[in-house]
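[1] Fold the following for me, if possible:
(chains A and B)
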Amino acid sequence: MFLLLFSISILFTIQSHSYHKSKFINSANFLTGGIYNTANHFSEYLNLKSQNRLLSEENKRLKSLLYNTKNTIETKNIDSLNKPYYFSNAQIIKNNYSATDNMLLINKGTNDSIKQDFGVITTQGIVGIIDKTSGNYATVISILNTTISISAQLKKTNHYGDLKWDAKNPAIVQLTDIPKIAKILVGDTIVTSGRSSIFPKDINIGTVENYKLDDAENYYEINVKLFNDMTNLEHVYIIENINKPEITNLLNE
Amino acid sequence: MNNLLSVNSVRFIVLVLIQVLIFNNINFLGYINPYPYILFIAFFPVKSNRAIIILSGFLLGLIIDMFLDSGGIHAAACVFIAYVRPVILKFSFGTMYEHHNIKFAAVEFGSKITYIALLVALHHIILFSLEIFSLPKIILVVQKTLFSGIFTILLSIIITIIFSRKSK
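    Numbering: from 1, shown residues only, chains lettered A, B, ... in the order given. Just a heads-up that it's a prediction; the model follows:
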């Protein structure tokens, strides 16, 4: 009896350590999602002020974009049907950053056509990737999760590498595999590379905190300070890449 | 018996809710969270069948796992402490356990602390080694076990003091 149940739970644990494998045990179901949603109704009032400030900051930025780049937009021939990314918004109803494999829960699901492997960002930077979905809820693999790896690059050059987390500090993630030849300075901006078909190119991630060469001295290991405060998330945007099926089909052929 | 069942089910639900809604959002110093929900296993009736306590420990852990998206780590840790509980009971309460007449409200305070501390320590070691699941990061496991363990033990003792007063 003990051995049976113990091995079942070990099995679940091992499954959860591999990407997209855990089957039943996730919080995107009616019961846990409902409870978190109710609790979030109360707790969201506590940080209304800071969230309002964030939204108005973003409004300011978008307004300045809108009025300052009007001429260039008009000269470009933009085909409105050919937008590759579709955005929808959601709210984080469960945040977690103290474990080594952190998962978040959002209040949108398959009813809002949210599917696995959509990207999740905030106004400041990336948050994670959608994992499991149910009717009204979805779990998000946070970038603060040791199983996730996101393609990222330097903003000023095109050298790209993998973004991972070493489970030590929720404000710092690690960017590895940047070739030695790249010129890096402390304070450089790191953005998404657009190579993964999940995130578009040039979404902000963070700035270079410090860097060193890895053991083989061929690649840099960079500590990246996130723009996002992962401990204080509320409103997020979900990105759907409309061309993704086409891309994956092509890659699988 | 019926009373016992309802008391334990209420305790189960209340501890799970408090755990996921309050204690998991404490994040003291960034990563220290207490896990006092294992008090359910600690104060499970002593006389009951061993299979029942292991099964309910598994259920408790699985529900916590569901809320926290943590695979099966809580279930594994809970099943383990439910399994070794008789040994710890014997160690902390000695002969009183042999005679099968422990009442948790009536035992000495010192042995109660030993009992809770041992359960918490075992639970946390398993929990964090499964969560981190890598040998090079063993220092992180020890660190998390130690800090969260102290926090959990303190909280559990406070909770037991509060509730044993009420029942008098």
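
[2] Select the helix or strand of chain A having the lowest average pLDDT value.
    In chain A, no helix or strand scores lower on mean pLDDT, DSSP states H and E than helix A:70-75, which sits at a mean of 54.

[3] where does the most centrally placed residue in chain B land in three-state SS?
    The geometric centre of chain B, computed from its C-alpha atoms, lies nearest to residue B:38 (CA atoms, centre = their mean), at 2.1 Å. Using DSSP: H, G, I helix; E, B strand; the rest coil, the structure places residue B:38 in helix.

[4] Mind pulling the model confidence for it?
    Note on residue B:38: pLDDT of 88.

[5] Which residue comes closest to it once chain neighbours are left out?
    residue B:123 (5.4 Å; CB to CB, 6 or more residues apart in numbering or on different chains). (Each C-beta comes from the backbone N, C-alpha and C, glycine too.)

[6] burial count for that neighbour?
    27 (other CB atoms under 10 Å in any protein chain shown).

[7] Enumerate the positions of whatever helix or strand it lives in that are buried.
    Element membership of residue B:123, judged by DSSP states H and E, is helix B:109-132. For helix B:109-132, the neighbour count (16 or more other CB atoms under 10 Å in any protein chain shown) marks B:111-112, B:115-132 as buried.

[8] Quick one, grab the pLDDT at residue 110.
    With no chain named, the answer covers chain A. Predicted confidence (pLDDT) for residue A:110: 89.

[9] my bad, chain B
    On pLDDT, residue B:110 comes in at 83.

[10] swap in residue A:177?
    Residue A:177 is assigned a predicted lDDT (pLDDT) of 86.

[11] Now the element after the helix or strand that contains it, going C-ward?
    For residue A:177, the host element (DSSP H and E) is strand A:172-179. Remark: after strand A:172-179, the chain's next helix or strand is strand A:189-192, criterion DSSP H and E.

[12] Outside of that next one itself, list whatever touches it.
    With CB atoms under 8 Å, 6 or more residues apart in numbering or on different chains as the contact definition, strand A:189-192 has outside contacts at A:126, A:150-156, A:163, A:175, A:199-208, A:222, A:224.

[13] Ok, stretch A:40-47 next?
    A:51, A:91, A:93-94, A:107, A:232, A:234.

[14] Could you pick out the buried ones from the residues you listed?
    Buried members of those, counted by 16+ other CB under 10 Å: A:51, A:91, A:93-94, A:107, A:234.

[15] which stretches of chain A aren't confidently modelled?
    Along chain A, the model assigns pLDDT under 70 to residues A:17-26, A:69-82.

[16] ok, residue B:123 touching residue B:34?
    No - counting by CB atoms under 8 Å, residue B:123 does not reach residue B:34; the two are 11.4 Å apart.

[17] Can you pull the residues of chain B lying near chain A?
    B:17, B:20-21, B:24, B:27, B:30-33, B:51, B:54-55, B:58, B:61-62, B:65-73, B:75-76, B:79-80, B:83, B:130-133, B:137, B:140 (CB under 8 Å from any CB of the partner chain).

[18] which helix is the longest one in the chain?
    As the question left the chain open, I've gone with chain A. With secondary structure taken from DSSP state H, chain A has its longest helix at helix A:48-68.

[19] wait, I meant chain B there
    With secondary structure taken from DSSP H, chain B has its longest helix at helix B:138-167.

[20] In this structure the residue nearest to the centre of chain B contacts residue B:78, no?
    Yes - the pair residue B:38 and residue B:78 qualifies as a contact (CB under 8 Å) at a distance of 6.8 Å.

[21] Between these two, which contacts overlap?
    The contact lists of residue B:38 and residue B:78 share residue B:123, where a contact means CB under 8 Å, 6+ apart.

[22] Residue A:43 sits in which helix or strand?
    If you go by DSSP H and E, residue A:43 is part of helix A:30-43.

[23] Give the buried residues for that helix.
    Buried-residue list, helix A:30-43, by 16+ other CB under 10 Å: A:32-33, A:35-37, A:39-40.

[24] and the residue in the stretch 101-250 of chain A positioned nearest to chain B, what does it touch?
    Nearest residue of the stretch 101-250 of chain A to chain B (CB to the nearest CB) works out as residue A:103 at 3.4 Å. Residue A:103 makes contact with A:26-27, A:96, A:131, A:139-142, A:145, B:68-70 under the criterion CB under 8 Å, 6+ apart.

[25] Return the set of residues that bridge with the residue nearest the centre of chain A.
    Centroid-nearest residue in chain A, with CA atoms, centre = their mean: residue A:128, separated by 2.1 Å. Counting by DSSP bridges, residue A:128 is bridged to residue A:120, residue A:142.

[26] My guess is it contacts residue A:120. True?
    Yes - at 5.1 Å, residue A:128 counts as touching residue A:120 under the criterion of CB under 8 Å.

[27] overlap in contacts of these two?
    Taking CB under 8 Å, 6+ apart as the criterion, residue A:128 and residue A:120 both touch A:104, A:140.

[28] just to revisit the earlier point, how close does the residue nearest to residue B:38 get to residue B:116?
    To residue B:116, residue B:123 is 10 Å away according to CB to CB, to the nearest Å.

[29] Equivalent analysis for residue A:139, please.
    Residue A:139 is 33 Å from residue B:116, where distance means CB to CB.

[30] relative to helix A:30-43, how tilted is the helix or strand harbouring residue A:103?
    Following DSSP H and E, one finds residue A:103 within strand A:101-106. When axes from the mean of the first three to the mean of the last three CA atoms, to 10 degrees is applied, the directions of strand A:101-106 and helix A:30-43 differ by 80 degrees.

[31] CA atoms only for strand A:101-106, dumped as CSV, please.
    Output of strand A:101-106 as CSV, limited to C-alpha atoms (Å, rounded to 0.1, in the frame of the first residue of the first chain):
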residue,chain,number,x,y,z
ASP,A,101,9.4,24.9,-10.9
ASN,A,102,6.9,27.7,-10.7
MET,A,103,3.5,27.6,-12.4
LEU,A,104,1.0,30.4,-12.7
LEU,A,105,-2.7,30.3,-13.2
ILE,A,106,-4.7,32.6,-15.5
